[in-house]
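A.B. asks: have a look; sequence and predicted model below, questions after that.
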Amino acid sequence: KQNEIITNKIKYIYGSTFQRFEWYKKVIKNKLKTIIIIFPELAGLHSFSDTITTKHLIYTGKLNVKERWNVYKLVNQQPAIVLATRMGIGLPVKSPCLLIIDQPNHPAYKEDHRPKYNLTTGLNILQKYFGNVIVGADVPSLREVINYNLNSVTKHNIIIHTSNELLPDSIIDKIKQYPR
């Protein structure tokens, strides 16, 4: 199943923090190219960093310019694992890599001040730039459930992998009754 991620698609995975971290570790173990894992907060980044034994780089706003430059050079010289806060999205990479975004609905990924952005609305752009995007969350957002269950899956190239049932069928049937 690890080869599933080597396709140009956005993949959603759901589960507890522990389950997602275990899944990320499996992906890292089969590292074929650069992997950038974005966390909304430093606490989550350091929590994951403490659980992996694989050599990795950390890219956050706490680094000075020289340290960021060193990370940039290493990432573009050889495949690397980078754990980053949201600023890792702007890390320039020469070749496509795998981008993993943890907890995409976290408020840290949305900025209402200039420049305005919302990470979840830009996933298709990120997928084109990085090549592969995996989104890991505790539960799917209502938008993801509706898109998946109303057959827009093929239109948006979304694959949903779940560790548990998304929603009971009775709720999904009620959602399908309402037009978009």
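C.D. replies: Perfect, I can see it now.
A.B. asks: what residues are up against Trp23?
C.D. replies: With contact taken as Cβ atoms under 8 Å, 6 or more residues apart in numbering, Trp23 is in contact with Ile13, Gly15, Gly136. Every C-beta, even on glycine, is put in place using the N, C-alpha and C of the backbone.
A.B. asks: again, but for Asn118
C.D. replies: Going by Cβ under 8 Å, 6+ apart, the list of residues near Asn118 reads Tyr109, Lys110, Glu111.
A.B. asks: burial measure for the first one, as a count.
C.D. replies: Neighbouring residues of Tyr109 were enumerated by other Cβ atoms under 10 Å; the total is 20.
A.B. asks: that one reaches Gly122, doesn't it?
C.D. replies: No - with the criterion set as Cβ atoms under 8 Å, Tyr109 and Gly122 do not qualify as a contacting pair; they are 9.6 Å apart.
A.B. asks: on that earlier part again, now secondary structure, distance to Ile35 and pLDDT too, for the contacts of Asn118, in TSV please.
C.D. replies: Below are the contacts of Asn118 laid out as TSV (DSSP: H, G, I helix; E, B strand; the rest coil; distance: Cβ to Cβ, whole Å; pLDDT from 0 to 100):
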residue	secondary structure	distance to Ile35	pLDDT
Tyr109	helix	19	80
Lys110	strand	24	78
Glu111	strand	25	75
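A.B. asks: worst-scoring helix or strand of the protein, pLDDT-wise?
C.D. replies: Of all the helices and strands that make up the chain, helix 153-156 has the lowest average by mean pLDDT, DSSP states H and E, namely a mean of 40.
A.B. asks: the chain: helices as residue ranges?
C.D. replies: Remark: helices assigned in the chain by DSSP state H are 17-29, 42-51, 65-77, 123-130, 142-149, 153-156, 169-177.
A.B. asks: mean pLDDT lowest where, among those helices?
C.D. replies: Comparing mean pLDDT over the helices of the chain, the weakest stretch is helix 153-156, at a mean of 40.
A.B. asks: how about the contacts of Trp23 in TSV, adding neighbour count and distance to Ala80?
C.D. replies: Putting the contacts of Trp23 into TSV (neighbours: other Cβ atoms under 10 Å; distance: Cβ to Cβ, whole Å) gives the following:
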residue	neighbour count	distance to Ala80
Ile13	21	22
Gly15	18	26
Gly136	22	20
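A.B. asks: out of those residues, which are inside strands?
C.D. replies: Among the contacts of Trp23, the members falling in strands are Ile13, Gly136 (criterion: DSSP state E).
A.B. asks: need the contacts of Trp23 in TSV with distance to Val82 and pLDDT, can you?
C.D. replies: Formatted as TSV, the entries for the contacts of Trp23 read as follows, by distance: Cβ to Cβ, whole Å; pLDDT from 0 to 100:
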residue	distance to Val82	pLDDT
Ile13	19	82
Gly15	22	81
Gly136	16	86
